[in-house]
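Q: here are the coordinates; sequence isn't available:
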């Protein structure tokens, strides 16, 4: 992330206000980028409805930085919600890249939750399986993703090992062109390596921001925006890792429609309000073991029960 020159200002005017893009957040401050590519630190008047990385905001110059006055309407937002809190990742996304690895073994539950969250926000998703160099371990992990490829989910192999064939990285880079992409993934998948391979300046830029904010050694605790090209057409958003991916913001009745392999059969059930758990004449249950993989259906049942048991306010 580039640090702004001293006294940086500018941007697209909206009436008497200036516009900017939020490229990083830290407490009550945001980094914003003006339309001419300069970056500056802006103060947030309050914590309520704080902008997210990817938001367009209106701001006013203040001292050697600025003050954000309001957030402009969003196309979408990706977030997760558990029993204690809601965590927003980023706004105005074109793609969610879910990065997995052959080792450590990935959780299909977490993968499914990320895909469901993306579908609920009307954001395309791409699954990338890293560590192609691990041979049998990769083959096993790739086979676990066969049901996802079968219903049309985009899945790409990747190898980030030093000295490996760059073709898989090149194929991924092509899929990111012209899009704003959020990278999700648990620790150990190679997320930091991927970002630094795609954007060699990312490591140094992140350290510079940490020093500017006096935040000490950098750890990814909030999302950060990086441009993939000099024309600023393609962007990558780094996100904090997660151990849990709650979906308490969704109703259990929505779930089947957000899982494409199940959704393909929902309209054929005998009852319009079928839960696909026990009703006679359920087309989804009839497809299990054929068009719907058994494991995918188990993921649906477990998540449906979790959402049904969650209190609604």
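A: Looks like it came in fine. Quick caveat: nothing in here was measured; it's all calculated off a predicted structure.

Q: what does whichever helix in the chain runs longest rub up against?
A: Assignment by DSSP state H gives helix 294-309 as the longest helix of the chain. Applying CB atoms under 8 Å, 6 or more residues apart in numbering, the external contacts of helix 294-309 come out as 108-109, 112-113, 116, 147, 247-248, 250-252, 255-256, 259, 261-262, 275-277, 284-285, 288. For glycine as for every other residue, the C-beta is placed from the backbone atoms N, C-alpha and C.

Q: Could I get the buried residue list for it?
A: 296-297, 299-300, 303-304, 306-307 (16 or more other CB atoms under 10 Å).

Q: Out of the residues you listed, the closest to residue 196 would be?
A: Closest approach between these and residue 196, by CB to CB: residue 299, at 32.5 Å.

Q: filter the contacts of helix 294-309 to the buried ones?
A: Listed as buried from these are 108, 112-113, 116, 147, 247-248, 250, 252, 255-256, 259, 261-262, 275-276, 284-285, 288; burial here means 16+ other CB under 10 Å.

Q: Now residue 244: closest residue in space, sequence neighbours ignored.
A: Once flanking residues are discounted, residue 244 sits nearest to residue 82: 6.1 Å by CB to CB, 6 or more residues apart in numbering.

Q: How many neighbouring residues does that neighbour have?
A: Residues contacting residue 82 under the criterion other CB atoms under 10 Å number 14.

Q: Now do the contacts for it.
A: 244, 246, 248.

Q: Which pLDDT value goes with it?
A: Looking at residue 82, its pLDDT stands at 85.

Q: how about it, phi and psi?
A: phi -110, psi -170 (degrees, to the nearest 10).

Q: With residue 50 instead?
A: phi -60, psi 140.

Q: so it sits right up against residue 26, yeah?
A: No: contact criterion CB atoms under 8 Å: residue 50 and residue 26 do not qualify, at 11.0 Å.

Q: For residue 145, see how far away residue 112 is.
A: Residue 112 sits 12 Å away from residue 145, going by CB to CB, to the nearest Å.

Q: Looking at the buried ones among the contacts of helix 294-309, which are in helices?
A: Going by DSSP H, the helices hold 108, 112-113, 116, 147, 261-262, 284-285 from the buried ones among the contacts of helix 294-309.

Q: which stretches of the stretch 201-313 of the chain aren't confidently modelled?
A: Along the stretch 201-313 of the chain, the parts satisfying pLDDT under 70 run over 203-221, 312-313.

Q: Could you grab the helix/strand/coil label for the spatially closest residue to residue 32 that is not a sequence neighbour?
A: With sequence-adjacent residues excluded and distances taken as CB to CB, 6+ apart, residue 32 is closest to residue 20, at 3.6 Å. Look at residue 20: counting by DSSP: H, G, I helix; E, B strand; the rest coil, its state is strand.

Q: Quick check, pLDDT for residue 20.
A: 97.

Q: who are the neighbours in contact with it?
A: 11, 32-35, 42, 56-57, 59, 66.

Q: Please apply the same query to residue 49.
A: residue 71.

Q: Swap in 10 Å and give it another go.
A: Residues near residue 49 by CB atoms under 10 Å, 6 or more residues apart in numbering: 70-71.

Q: Tell me how far it lies from residue 237.
A: 20 Å.

Q: what about the helices in the stretch 1-150 of the chain?
A: 108-120, 136-144, 146-150 (DSSP state H, counting those that start in this stretch).

Q: List the buried residues in stretch 18-34.
A: Going by neighbour count (16+ other CB under 10 Å), the buried part of stretch 18-34 is 18-26, 30-34.

Q: which one of those sits closest to residue 101?
A: residue 24 (26.2 Å).

Q: Check whether that closest one really touches residue 32, as I assumed.
A: Yes: with contacts counted by CB atoms under 10 Å, residue 24 reaches residue 32, the gap being 8.7 Å.

Q: from the buried residues of stretch 18-34, which is closest to residue 165?
A: Out of those, the member with the shortest distance to residue 165 (by CB to CB) is residue 23, at 32.4 Å.

Q: Pipe the buried residues of stretch 18-34 into TSV and attach distance to residue 186 per row.
A: Converted to TSV, those look like this (distance: CB to CB, whole Å):
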residue	distance to residue 186
18	38
19	35
20	32
21	28
22	25
23	24
24	22
25	22
26	23
30	27
31	26
32	30
33	29
34	35
